[in-house]
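*Asks:* This is the structure alone, sequence omitted:
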């Protein structure tokens, strides 16, 4: 190796280090608070730092488990499944977003910076009020968003102020309870910090303890830091070079980013305690049931009907009443009743109102009040009604739409699709026809329209059902009562989806495999389209031709537009399969029910958090 090359080697290493550090700084938010999440902890090389994500998850998990323990039946049968962890993720995302969104990342009011303590406290109280209003309106997603924002600002107080340095060992109640005693904030002309010329700034706060005054660090240059005031500090804070130099933040355990890193653990402990106190107050304010619904715990699936009420829909309305009555009667005095019942009627031009209740008898009264009258020719305002149903229903809902009309409001499709995906709800359409009837009868009531065989008229319904994992069933008014049994199959509280697939094969044999584990006690397969031949095969290799004769594996019911296959118990665990000769588009949905939640043993993240919660008390 030449001397010149050897001389260049350390330089290249130094430049690489500078480049890596530059990338690190660009990846972090402009207004650093407690580190937002796991990845920011990795980027700052502060593995033992407590992040906003960690503190929020710990608080939500601990208070939720405490709430379940306080209930008569305790935690039994109330596993924290995917619904809970998705609700937690929404709160965590809203929390972390405060450091990244342009509207909030540089505003000192959202981060307890620049001695804006009372303004930040007012913002906390407003977010608290909005959270209560959203829970009261059952806008749980909105409530989770407000809660995440509230948690971020509240947690920042303990890192960005001198609360810990004052020797305080409990939370500052005045922030959310204005009636509690307040500690005055240092005035603009009161010096609060002395210069610090190292990455670790110990004892740089100069406020006299008598009387105690609050101060918080200034970040960057907006607003400008008066002379003698404390900075936030760390590599990302440009104000750290102005007098008083240094900083006081306790966001992490890294001296590069947090001059008071040695107090990070105590600040995080108080921030977590304050977060849990908010959750306890919220539980007391809204009640245990609504608190658990907010976090999607013990939230039974909602029964949601979207009903076309124009004059041709008599049979469909009757079928919906019958199906709802059957579900309610079968589950009377059990824990399997739907948590909420929603009904959204529509025709043209009216949509709604939304009838929502937890009382099954009241829901039946709503259905009894529906009358198929008038309306006129299609199309109708169907997508507006679906959008209304999605807005008012909880995530993971099953929504059933009864209509014989194409959509008049096709421009809403993108909004409906986006909300369906956001809420992870399934939308199924029960589309009826009677090609022998058209026009109006002698009373002026609209009869059934032309045949549903024109696919373009209902393509948006098919697309939405496909995107959401639901079904679009083209049936007749004479078969609608029997076809509506899919509603009972799909709203079981312990339901799991084993397979959802679409096949566009033409006269080709296709194999549809699905796996059944030992927890599954019933399996039902719904299949829409045209079957020419269908063979069911068990894990042990036993076969049954479903279209030809009755066998020992399953029973097939054939309606217009729908095949319903029910496996006979006991169901053998392992891989089952359907081999089908199909014609045109086939949609298959295999669902099972279990003794307990299929998601009771969920991700490693769940196990990690539960273990961590027990370790930290």
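*Replies:* Sure thing, it's come through. Bear in mind that the values here come from a model prediction, so they are computed numbers and not experimental data.
*Asks:* contacts and neighbour counts: CA atoms only from here.
*Replies:* OK.
*Asks:* list the contacts for residue 245?
*Replies:* 194-197, 230-231, 239 (Cα atoms under 8 Å, 6 or more residues apart in numbering).
*Asks:* where in this structure is pLDDT low?
*Replies:* 1-33, 35-47, 72-79, 298-301, 331-337, 374-377, 433-455, 492-493, 504-508, 595-617 (pLDDT under 70).
*Asks:* re earlier: among the contacts of residue 245, who's most crowded?
*Replies:* For the contacts of residue 245, counting by other Cα atoms under 10 Å, the largest number of neighbours falls to residue 230: 35 neighbours.
*Asks:* isn't that residue right next to residue 248, touching?
*Replies:* Yes: checked against Cα atoms under 8 Å, the pair residue 230 and residue 248 is within contact range at 6.8 Å.
*Asks:* what's the overlap in contacts for the two?
*Replies:* residue 217.
*Asks:* returning to that earlier point: of the contacts of residue 245, closest to residue 319?
*Replies:* residue 231 (68.1 Å; Cα to Cα).
*Asks:* bridging residues for the closest one?
*Replies:* Beta bridges link residue 231 to residue 218, judged by DSSP bridges.
*Asks:* does it really touch residue 238, like I thought?
*Replies:* No: if you go by Cα under 8 Å, residue 231 and residue 238 don't touch, sitting 9.0 Å apart.
*Asks:* hey, what's in contact with both of those two?
*Replies:* In contact with both residue 231 and residue 238: residue 219, using Cα under 8 Å, 6+ apart.
*Asks:* how about the contacts of residue 245 in a markdown table, adding distance to residue 133 and secondary structure?
*Replies:* A markdown table is the format used below for these (distance: Cα to Cα, whole Å; DSSP: H, G, I helix; E, B strand; the rest coil):
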| residue | distance to residue 133 | secondary structure |
| --- | --- | --- |
| 194 | 45 | coil |
| 195 | 46 | coil |
| 196 | 46 | coil |
| 197 | 48 | coil |
| 230 | 37 | coil |
| 231 | 37 | strand |
| 239 | 39 | helix |
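*Asks:* Now tabulate those residues in a markdown table and tack on distance to residue 472.
*Replies:* Converted to a markdown table, those look like this (distance: Cα to Cα, whole Å):
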| residue | distance to residue 472 |
| --- | --- |
| 194 | 70 |
| 195 | 70 |
| 196 | 69 |
| 197 | 69 |
| 230 | 63 |
| 231 | 61 |
| 239 | 60 |
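*Asks:* Can you tell me which of these comes closest to residue 60?
*Replies:* residue 231 (31.7 Å).
*Asks:* so what's that closest one up against?
*Replies:* 216-219, 225, 237, 239-240, 244-248.
*Asks:* Go again with 6 Å.
*Replies:* 217-218, 240, 247 (Cα atoms under 6 Å, 6 or more residues apart in numbering).
*Asks:* Touching, residue 260 and residue 246? I think so.
*Replies:* No: counting by Cα atoms under 6 Å, residue 260 does not reach residue 246; the two are 9.7 Å apart.
*Asks:* if we can go back for a sec, most neighbours among the contacts of residue 231, which one?
*Replies:* residue 247 (35 neighbours).
*Asks:* Against residue 531, how distant is the closest residue to it other than its chain neighbours?
*Replies:* What sits nearest to residue 247 in space, not counting adjacent residues and going by Cα to Cα, 6 or more residues apart in numbering, is residue 233, at 3.8 Å. Using Cα to Cα, to the nearest Å, residue 233 is found at 70 Å from residue 531.
*Asks:* And the two? Which one has more around it.
*Replies:* residue 233 (31 against 16).
*Asks:* Was I right to think that one contacts residue 240?
*Replies:* Yes: between residue 233 and residue 240 there is a contact under Cα under 6 Å: 5.2 Å.
*Asks:* Which neighbours do those two have in common?
*Replies:* Going by Cα under 6 Å, 6+ apart, residues that sit against residue 233 and also against residue 240 are residue 246.
*Asks:* What ranges does the stretch 451-600 of the chain have for its strands?
*Replies:* Taking DSSP state E, counting those that start in this stretch, the strands of the stretch 451-600 of the chain run over residues 472-476, 495-503, 506-516, 520-537, 543-545, 554-559, 562-567, 574-594.
*Asks:* Paired strands for the shortest one, with orientation please.
*Replies:* It stands for strand 543-545. As assigned by DSSP bridges, strand 543-545 forms pairs with strand 520-537 (antiparallel).
*Asks:* Pull the residues that contact the strand it pairs with.
*Replies:* By Cα under 6 Å, 6+ apart, the list of residues contacting strand 520-537 reads 543-546, 561-567, 576-583, 586-594.
*Asks:* Of all the residues in it, which ones are buried?
*Replies:* 520-531, 534-537 (16 or more other Cα atoms under 10 Å).
*Asks:* Am I right that residue 289 falls within a helix?
*Replies:* Yes: counting by DSSP: H, G, I helix; E, B strand; the rest coil, residue 289 is part of a helix.
*Asks:* which one of the contacts of residue 245 sits closest to residue 110?
*Replies:* For those, the minimum distance to residue 110 (Cα to Cα) is 16.5 Å, reached by residue 231.
*Asks:* okay but residue 591 is in contact with residue 494, surely?
*Replies:* No: under the criterion of Cα under 6 Å, residue 591 is not in contact with residue 494, lying 10.2 Å apart.
*Asks:* neighbour-wise, which of these two wins?
*Replies:* residue 591 (22 against 18).
*Asks:* Now do the residue lying closest to residue 48 once chain neighbours are set aside against residue 516, distance only.
*Replies:* Closest residue in space to residue 48, ignoring its immediate chain neighbours: residue 253 at 6.9 Å, by Cα to Cα, 6+ apart. Separation of residue 253 from residue 516 (Cα to Cα) stands at 48 Å.
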